[in-house]
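>>> sequence below, structure please.
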Amino acid sequence: MAKYDGIIIGAGPNGLTVGAYLAKAGFKILLLDRRYEMGGGLATELVTVPGFLHDTHAIFHLMVEYAPPLKDLGLEENYDLQWIYPSVQVAMVFLDGSSIILYQDIEKSCESIRKISPKDADAYKKFAEQASLVMDTFLAPATYHEAIPLLEQVAKMEKMEITRWIDELTGVSPKDIVDGIFENDKVRALFLSLATMWGLEYDLEGVGYLVPLMIDRATHNRLCRGGSHHLAHLMSKVIYEHGGMILASTEIKRIIIENGEAKGVELANGTVIEANKFVASSLDQHQTWFKLVGEKYLEPDFIQRLKDWQWEEWALFNVHLALHETPNFKAAAQHPDVNKALIVLVGYESEQDVVNHFEAIRRGELGEHGFKCCFPTIYDPTRAWPGKHIGLLSQEAPYNLKGDGAQGWYRVRREQAERNKAVLRKYAPNMTDDNVMVDYITTPLDIENKFPDMVKGGFKQGAYAPLQMGYQRPNEYCSRHFTPIKNLYVCGASTYSGGMVTFGPGYNAANRIAEDLNIEKWWQEPEHVRRAKEAGLL
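Just a heads-up that it's a prediction; the model follows:
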């Protein structure tokens with residue numbers, strides 16, 4: 001019978017984070033994953049033409065300068081991790097040939113906005129500077145620190161003016177925040193798109209504090225050279241080099257519970273693997289608790305909290321393209337930087353178009369709505385043949401389609417892909433069928449089938465809703481990563497600090513496990529976290 005100090009279920013970015021920290025701390029670590037390839041959402045695949053590398057799930061990396069694992073594990077210093085950080089970050093283009101461009105440089109962004117609305121340029125500068133300050137002061141440090149009970153956290157936020165500001169935004173919807181700052185319709189369309197791009201409903205109150213984060217991060221997107229999976233590959237190297245093991249294509253039947261304590265796992269083939277010190281799951285909480293643990297080990301109130309969990313009702317419909325050439329947008333005639341933007345937003349001519357898109361999603365309807373585009377080979381030619389390119393059209397879309405449910409995607413996937421390519425062609429006429437060598441489509445249903453813990457295709461293991469954030473993510477029993485079952489920990493995107501590839505849940509879980517097991521940490525507390533604690537914010 002195999003024995004390990006710790007077993008981690010799920011080898012996505014958070015599972016890899018826990019494994020790397022604790023393997024380097026001297027623990028004998030095993031990671032298990034059902035897929036043939038570890039990395040979870042850090043997936044780079046050959047889905048169009050041989051040699052064309054497409055990030056089929058996570059492509060943009062938003063927290064690179066803050067995420068502790070990237071520095072602690074020495075992925076740039078000791079390995080070959082390279083980040084690509086384009087100066088031209090986002091462009092929204094319009095049919096009249098105008099555009100709004102956001103850069104790393106706030107002043108250059110303001111110059112672009114000023115051509116549309118001088119007043120909004122000044123408003124953006126003030127907002128962007130506040131958002132940057134609150135990221136450094138609180139939002140980023142809180143991402144990499146254990147959750148704090150709500151009332152205690154609110155009291156701490158009263159200590160500084162900048163944190164009082166985002167606390168005041170909490171009860172305001174993204175649309176009301178955007179409308180309260182900007183007056184021009186095109187500018188509002190841009191910023192409402194950015195505020196909602198990663199999972200906030202446009203009219204949802206209670207999570208407004210995330211709007212400064214979303215808009216700030218919109219100008220800090222990075223690509224991983226060679227594809228996002230290279231990051232997962234390097235994290236696995238750290239694990240292997242410190243005696244850990246990763247087993248892919250492994251189905252788990254159950255987590256073994258004895259006398260209220262996690263003792264290991266049983267695989268689908270009957271193999272039992274013991275864990276001397278802990279088991280950690282990075283799966284969604286329904287798989288973890290209902291499938292792998294079982295209700296017989298859980299208290300009724302805890303079961304009810306699990307059943308109350310809300311999944312995301314929309315996910316991403318993606319069209320991956322192998323291209324002869326990248327788009328030449330009409331708007332580039334007025335400003336050539338449009339063609340250099342890492343993300344280009346097309347199909348939204350007004351703020352109402354953004355609202356209409358979300359309302360259509362709620363009705364389960366598709367149509368000619370806007371979406372974001374990315375053409376990574378502009379900055380990373382290693383992803384395609386010399387002189388050729390890859391592209392991604394990524395659109396928010398319902399999981400359940402009106403009248404057909406999720407199965408309807410099998411019927412309409414090609415039609416919607418062609419519709420989106422036609423929308424792109426209105427803004428970039430060279431994006432003809434002759435320019436596209438081949439495409440590859442993924443729907444919300446495809447994502448769920450590929451990654452079962454991304455229920456309904458959601459990339460955050462659960463909606464960003466007021467009662468599912470902070471100390472309530474996933475609930476008050478597990479938000480600090482330990483659970484009601486001794487030596488069983490949770491570390492996935494359904495736990496604090498949330499979804500997307502931030503490494504926050506994995507990093508916080510590694511800290512909690514180390515503290516509970518009295519492990520001497522080889523890593524230091526991040527400087528931005530230390531400063532926030534000294535200021536009394538954490």
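>>> what sits up against stretch 515-533?
Residues outside stretch 515-533 that contact it (Cβ atoms under 8 Å, 6 or more residues apart in numbering): 21-22, 24-27, 66, 68, 72, 136-138, 140-142, 144-145, 277-278, 482, 511, 513-514, 538. All C-beta spots, glycine's among them, are computed from the backbone N, C-alpha and C.
>>> how far does that stretch stretch from start to finish?
Stretch 515-533 has an end-to-end distance of 18 Å (Cα to Cα, to the nearest Å).
>>> stretch 478-497 now?
Terminal-residue distance, stretch 478-497 (Cα to Cα): 12 Å.
>>> pull out the buried residues from it.
For stretch 478-497, burial by neighbour count (16 or more other Cβ atoms under 10 Å) applies to 478-483, 485, 487-497.
>>> mind listing which of the residues you listed are in strands?
Among those, the ones falling in strands (DSSP state E) are 488-490.
>>> Throw these into TSV and include distance to residue 447, thanks.
Shown next, in TSV, are those (distance: Cβ to Cβ, whole Å):
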residue	distance to residue 447
488	27
489	26
490	21
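>>> quick one: low-confidence parts of the stretch 301-450 of the chain?
For the stretch 301-450 of the chain, applying pLDDT under 70 flags no range at all.
>>> tell me where it has helices.
Counting by DSSP state H, counting those that start in this stretch, the stretch 301-450 of the chain has helices at residues 351-362, 409-427, 444-450.
>>> so which of those is the most packed in?
Highest mean neighbour count among the helices of the stretch 301-450 of the chain (mean count of other Cβ atoms under 10 Å): helix 444-450, with a mean of 20.
>>> give me the helices and strands touching that one, please.
Helix 444-450 is packed against strand 314-323, helix 409-427, with contacts defined by 3 or more Cβ pairs under 8 Å, 6 or more residues apart in numbering; DSSP states H and E.
>>> so how far is it from its chain's centroid?
From the chain centre to the centre of helix 444-450 is a distance of 16 Å (Cα atoms, centre = their mean, to the nearest Å).
>>> residues in contact with that helix?
When contacts are defined by Cβ under 8 Å, 6+ apart, helix 444-450 is touched by residues 35, 57, 314-317, 397-399, 406-407, 409-410, 442, 454-457, 459.
>>> same question for stretch 163-176.
130, 134, 137-139, 154, 156-158, 177, 180, 192, 195-196, 200-209, 211-212, 351, 355, 537.
>>> of those residues, select the buried ones using a PyMOL command.
Buried residues among the contacts of stretch 163-176 (16+ other Cβ under 10 Å), as a PyMOL selection:
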select buried, resi 130+134+137+138+139+156+157+177+192+195+196+200+201+202+204+206+207+208+209+211+212+351+355+537
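>>> just the contacts of stretch 163-176: which are in helices?
Mapping these onto helices (DSSP state H) picks out 130, 134, 154, 156-157, 177, 180, 192, 195-196, 211-212, 351, 355.
>>> can I get these in JSON lines with distance to residue 232?
Formatted as JSON lines, these follow (distance: Cβ to Cβ, whole Å):
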{"residue": "130", "distance to residue 232": "35"}
{"residue": "134", "distance to residue 232": "30"}
{"residue": "154", "distance to residue 232": "37"}
{"residue": "156", "distance to residue 232": "35"}
{"residue": "157", "distance to residue 232": "35"}
{"residue": "177", "distance to residue 232": "35"}
{"residue": "180", "distance to residue 232": "40"}
{"residue": "192", "distance to residue 232": "33"}
{"residue": "195", "distance to residue 232": "29"}
{"residue": "196", "distance to residue 232": "28"}
{"residue": "211", "distance to residue 232": "30"}
{"residue": "212", "distance to residue 232": "29"}
{"residue": "351", "distance to residue 232": "37"}
{"residue": "355", "distance to residue 232": "37"}
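>>> isn't residue 194 right up against residue 89?
No. Taking contacts as Cβ atoms under 8 Å, residue 194 lies outside contact range of residue 89: 10.2 Å.
>>> who touches both of these two?
The contact lists of residue 194 and residue 89 share residue 218, where a contact means Cβ under 8 Å, 6+ apart.
>>> list the buried residues for the helix or strand hosting residue 121?
Assessed by DSSP states H and E, residue 121 sits inside helix 118-134. By 16+ other Cβ under 10 Å, the buried positions in helix 118-134 come out as 120-121, 123-125, 127-128, 130-131, 133-134.
>>> which strands and helices sit next to it?
Judged by 3+ Cβ pairs under 8 Å, 6+ apart, helix 118-134 is in contact with helix 106-114, helix 161-169, helix 174-181, helix 210-217.
>>> out of those helices, deepest packed?
The highest average neighbour count among these, using mean count of other Cβ under 10 Å, belongs to helix 210-217 at a mean of 23.
>>> what residues does it touch?
Outside helix 210-217, the residues that touch it by Cβ under 8 Å, 6+ apart are 62-63, 127-128, 130-132, 134-135, 139, 166, 169, 174, 177-178, 191, 194-198, 200, 464.
>>> next SSE downstream of that helix?
Following helix 210-217 in sequence order, the next helix or strand is strand 223-224 (DSSP H and E).
>>> note down every partner strand of that next one and its orientation.
strand 83-84 (antiparallel) (DSSP bridges).
>>> now the partner strand, how far from the chain's geometric center?
Centroid separation for strand 83-84 versus its chain: 17 Å, with Cα atoms, centre = their mean.
>>> can you report how many residues neighbour residue 515?
Residues near residue 515, counting by other Cβ atoms under 10 Å, number 12.
>>> of all the residues in the helix or strand it falls within, which ones are buried?
Applying DSSP H and E as the criterion places residue 515 in helix 504-516. For helix 504-516, burial by neighbour count (16+ other Cβ under 10 Å) applies to 504-514.
>>> surely residue 267 touches residue 251?
Yes. Judged on Cβ under 8 Å, residue 267 makes contact with residue 251 at a distance of 6.4 Å.
>>> who's more crowded, the two?
Using other Cβ under 10 Å, the more surrounded residue of residue 267 and residue 251 is residue 267, with 15 against 10.
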